[in-house]
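Chemist: Here is a sequence together with a model predicted from it:
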Amino acid sequence: MAYSQLRLHPGRDYTLRHGHPWVFSGAFRSIPRDIPPGAVVDVLDTEGNWLARGHLNPANSLAFRALTRDEREEIDASFYARRFARAAALRALLPADVTAYRLVHAEADGLPGLIVDRYDRWLVAQFHTAGVERDREKISQALAQAIQPEGILARDDVNARGREGLAIGGAAVVYGDVPESVEIREGAVRYLVDPYHGQKTGFFLDQREKRACIAELAPHAKSLLNCFSYSGGFALAGLAGHPALRTVNVDSSAPALELARRNYTLNGHDPAAHAFIDSDVTRYLQSAAAAGEAFDMVILDPPAFAKSLSAKEKALRAYERLNMLGVRVVAPGGLLLTCSCSGGVDSAEFETAVRVALARAGRMAQIITFFGPSLDHPTLPGFVEDRYLKALLLRVL
């Protein structure tokens, strides 16, 4: 099959040659106006040598996203099926008692713009770009063929679609049937997931390794404060490691806290023996510090403060303030797990914000470990734009 060919300006082929999956519009000599958003094109260097094939969106400054570096590979249903099989082979390395994970992580799995999360026997997909939206039916059919789920749900409620000129909508079943609630497992812990309305695609799958770490360390603690708790994930992981742990979940969403209570019951814990506080986290931390409260483990897992570079400085100040407040309620020798999912803030900048927060709080700390990409959230060498998630586990002195 013949694809439209676009040439780059001299010297603008370096990053693409070295594995980066993006090309911005200014790198091209010209982009024909008659190429529709999401079309598959070939990118050539200034001398006409073939470099990559992928999706083009002339309406976005991030114009090209590479799908393949094999000139013989057509972008058809078989291509998508091969990509899904390759992605599934990586996730097969996960433990058998993990029934929910990210199956397709966009660029890192050779499918830019596509997110697919697996919840037991069902899949939830997000089509972020014009390219995968244009191929939605082809992708859905290939997913069904390669993975054989009982159903596939498409979630179109992501802001990234707007930047691509796509409509932002709700959730729709594109294959089979998908229930309103799905039960998943992470080792000994069970969770209920709302695939239609839950945050992200229903659950924070990218925090699995951190939850496992909390479960491992919980026997050394008596209390755990879970800020931005959503459905109680970190607290339930702590209880799996130490059933006598006293937990406090704080979230500004009453429905999220109700889901957390249901998850407590599902795992055999009496919700009445624990605290579920409907509050802004900042206000809660201020009042807890004023009251002299202290916890052996504190979790700070806020939503993204900076999804773009333009919001970086404001986000860094927000991380400083949140961590300063969080540190103040960590008992001496206690643990603080602090997370950032802001793509506009890199790991070094986040660590600096935490360091400033410690100084403002008058506390010292030891870094126990860093967290970055996990097995089901891989990244590409040199593709730092994809490393949105970072976390620090500290022992606060």
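Modeler: Yes, it's here.
Chemist: Distance-wise, check Arg208 relative to Leu375.
Modeler: When CB to CB, to the nearest Å is the yardstick, Arg208 and Leu375 sit 9 Å from each other. Quick note: C-beta positions are derived from backbone N, CA and C, even for glycine.
Chemist: and Asp45, what does it touch?
Modeler: If you count contacts by CB atoms under 8 Å, 6 or more residues apart in numbering, Asp45 has them with 7-8, 13, 51.
Chemist: Try it again at 10 Å.
Modeler: When contacts are counted by CB atoms under 10 Å, 6 or more residues apart in numbering, Asp45 is found next to 7-14, 16-17, 51.
Chemist: any idea where the strands of the stretch 201-350 of the chain begin and end?
Modeler: Taking DSSP state E, counting those that start in this stretch, the strands of the stretch 201-350 of the chain run over residues 223-227, 246-251, 275-278, 295-300, 330-340.
Chemist: Run through this protein and note the low-pLDDT ranges.
Modeler: Counting by pLDDT under 70, the chain shows low-confidence ranges at 306-309.
Chemist: Show me how the record splits it into domains.
Modeler: 4-68, 77-182, 204-396 (automatic domain parsing).
Chemist: Which of the ones you listed sits closest to Arg190?
Modeler: When the domains of the chain are compared by CB to CB, domain 204-396 sits nearest Arg190, at 5.1 Å.
Chemist: So Asp270 sits against Thr247, correct?
Modeler: No: with contact defined as CB atoms under 10 Å, Asp270 does not count as touching Thr247 (11.4 Å).
Chemist: So for these two, which sits in the more crowded spot?
Modeler: Thr247 (26 against 9; other CB atoms under 10 Å).
Chemist: give the contact list for the closest residue in space to the more buried one that isn't next to it in sequence.
Modeler: Excluding its sequence neighbours, the residue lying closest to Thr247 (CB to CB, 6 or more residues apart in numbering) is Ala235, at 4.1 Å. Residues in contact with Ala235, defined by CB under 10 Å, 6+ apart, are 211, 214, 218, 224-226, 229, 245-249, 260, 263-264, 269, 274-276, 297, 299.
Chemist: need the helices for this protein, in chain order.
Modeler: Along the chain, the stretches classed as helices by DSSP state H are 14-17, 77-91, 130-134, 136-147, 160-163, 208-217, 233-241, 254-266, 281-290, 312-327, 347-361.
Chemist: so what secondary structure elements neighbour the last one?
Modeler: Under the contact criterion of 3 or more CB pairs under 10 Å, 6 or more residues apart in numbering; DSSP states H and E, helix 347-361 touches helix 312-327, strand 330-340, strand 365-371, strand 390-396.
Chemist: List the residues that are in contact with both of Asp270 and Thr247.
Modeler: Tyr264.
Chemist: Run a quick neighbour tally on the closest residue to Ala144 other than its chain neighbours.
Modeler: Counting by CB to CB, 6+ apart, Tyr175 is the residue found nearest to Ala144 once chain neighbours are left out, at 4.9 Å. When neighbours are counted by other CB under 10 Å, Tyr175 registers 18.
Chemist: This completes my enquiry, with thanks.
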